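Visitor: Got a sequence here, can you model it:
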Amino acid sequence: MSDHAQYQDSFHTASDWLKLHRERLFNCSDVTGDKHTLLSKLDRAQDLTNALPDGTAKIETCVTNSEQTLPNTGAEGQQVIQEEVASLKLEWSEYQDALGDSKTKLEDALNKWKVRHLSFLSCGGRTCKQIAKDFFLGRLSPEGRRCYCSCSKRNTAHCPNG
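Guide: Next comes the predicted model:
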């Protein structure tokens, strides 16, 4: 009976840990926001990455306890335990994949933000909207036309530099 109780405790501990960390991942996986928001989300994702060894240990403990419990369990109980462990392992694998994907997307979003910010700075701190207005009013220098073309997402066939 002690093996069954240890298995149940370790299964619930691992499941609860995984549920909590999936919720935390959900809260930081959105890739919208300013630089500080993205950095904060990336920091939280890194904290989740740093916690992976703890999760691995909980999963491994559950698997070990299930293996010790199976010989003392009836056929139906064995099937239930095997299904629970298989489901837990699958959820763990999916969580790790989702965490990796979220970190990659956050890093990409932060890099895109940095590129846009550098482009903004190279255009004298003027927004694309301001540059476009000056372009259409004919008030842009050659440098301003370059900035307009780098800001514009439209077809560059109309671009004076293009």
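
Visitor: right, and Lys105 touches Cys28 too?
Guide: No - using CB atoms under 8 Å, Lys105 is not in contact with Cys28, being 10.7 Å away. Quick note: C-beta positions are derived from backbone N, CA and C, even for glycine.

Visitor: neighbour-wise, which of these two wins?
Guide: Between Lys105 and Cys28, counted using other CB atoms under 10 Å, Cys28 has the larger neighbour count: 22 against 16.

Visitor: Which secondary structure elements does the helix or strand containing Trp92 sit against?
Guide: Secondary structure from DSSP states H and E places Trp92 in helix 75-122. Judged by 3 or more CB pairs under 8 Å, 6 or more residues apart in numbering; DSSP states H and E, helix 75-122 is in contact with helix 2-28, helix 35-50, helix 52-69, helix 142-151.

Visitor: again, only using 6 Å
Guide: Counting contacts by 3 or more CB pairs under 6 Å, 6 or more residues apart in numbering; DSSP states H and E, helix 75-122 packs against helix 2-28, helix 35-50, helix 52-69.

Visitor: where does this protein have low pLDDT?
Guide: For the chain, the stretches with pLDDT under 70 are 1, 116-162.

Visitor: Show me it divided up by domain.
Guide: 2-110, 123-162 (automatic domain parsing).

Visitor: Span of the first one from start to end?
Guide: With CA to CA, to the nearest Å as the measure, the first residue of domain 2-110 is 50 Å from its last.

Visitor: Give me the most central residue, the chain.
Guide: Ser102 (1.5 Å; CA atoms, centre = their mean).

Visitor: Leaving out the residues flanking it, which one is nearest to it?
Guide: Ser29 (4.1 Å; CB to CB, 6 or more residues apart in numbering).

Visitor: Was I right to think Ser66 contacts Ile81?
Guide: Yes - using CB atoms under 6 Å, Ser66 is in contact with Ile81, at 5.1 Å.

Visitor: residues bridging contact with these two, i.e. touching both?
Guide: Listed as contacting both Ser66 and Ile81 by CB atoms under 6 Å, 6 or more residues apart in numbering is no residue at all.

Visitor: How about residues contacting stretch 19-26?
Guide: Leu48, Tyr95, Leu99.

Visitor: Tell me the buried residues in it?
Guide: His21, Arg22, Arg24, Leu25 (16 or more other CB atoms under 10 Å).

Visitor: and if you look at stretch 73-83?
Guide: Buried, per 16+ other CB under 10 Å, within stretch 73-83: Thr73, Ile81.
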